[in-house]
Each structure stands twice: as structure tokens, then as C-alpha cells.
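Engineer: how would this look folded up:
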Amino acid sequence: MLPFVGPSVVVTLVVTSLLPEVSDGVGLIRVGVALLPTLVVAVRSGNLGLTVLVGVMAYWLISLVV
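Structural biologist: Below is the predicted model:
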């Protein structure tokens, strides 16, 4: 069961961030765009800490632009 902890945490973060953003199209775009680098890091590295860090940084950078 341990190999499923990382993907479960990533999915949980995505779902909890998407639920409040569903009513706002801009927020949904932010989450969708930030999800791309997060998924790339999650698949390539498998490191949960790095995945969360990249996801937070990507969302922050995108929220500055959008």
C-alpha cells in the first residue's frame, strides 16, 4: 500500500483545491495549469516532497500572472 501514498496525496491536494475553484473559471485555469508541472515532477521523480513543492510554486507563479 505504501507506493500509493504519494499519488493519493497529490490527488487529494488537487481535489481539495478544485472544489472551491469550480465556481470561478480563472481559479480553475490556475489549478489546471499548475497541475501540469506537478504531474511531470511526480511521474519523473517519484519524490512526494518535491512534487508538493513544485505544485505550490507553480500555483503561486501562475496566480501572479492570471
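
Engineer: which residues touch Val5?
Structural biologist: Under the criterion of CB atoms under 8 Å, 6 or more residues apart in numbering, the contact list for Val5 reads Leu48. Every residue, glycine included, has its C-beta placed from N, CA and C.

Engineer: State the distance from it to Arg30.
Structural biologist: Remark: distance between Val5 and Arg30 (CB to CB, to the nearest Å) = 26 Å.

Engineer: Test my guess that Gly55 contacts Leu13.
Structural biologist: Yes - in terms of CB atoms under 8 Å, Gly55 counts as a neighbour of Leu13; the distance is 6.8 Å.

Engineer: Mind checking which of those two has more residues around it?
Structural biologist: Applying other CB atoms under 10 Å to Gly55 and Leu13 shows that Gly55 carries more neighbours, namely 22 against 18.

Engineer: Give the rounded mean pLDDT of the host helix or strand of the more buried one.
Structural biologist: For Gly55, the element it lies in under DSSP states H and E is helix 48-65. Along helix 48-65, the predicted confidence averages to a pLDDT of 89.

Engineer: Check which residues of that helix are buried.
Structural biologist: The neighbour-count check on helix 48-65 (16 or more other CB atoms under 10 Å) flags 51-52, 54-55, 58-59, 62 as buried.

Engineer: buried sites along the longest helix that the chain contains?
Structural biologist: Among the elements of the chain assigned as helix by DSSP state H, the one spanning the most residues is helix 25-45. Along helix 25-45, the positions that meet the burial threshold by neighbour count (16+ other CB under 10 Å) are 27, 30-31, 34-35, 37-38, 41-42.

Engineer: Now render the residues you listed as a markdown table, adding distance to Val66.
Structural biologist: Putting the buried residues of helix 25-45 into a markdown table (distance: CB to CB, whole Å) gives the following:
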| residue | distance to Val66 |
| --- | --- |
| Gly27 | 9 |
| Arg30 | 6 |
| Val31 | 11 |
| Ala34 | 10 |
| Leu35 | 14 |
| Pro37 | 15 |
| Thr38 | 16 |
| Val41 | 21 |
| Ala42 | 22 |
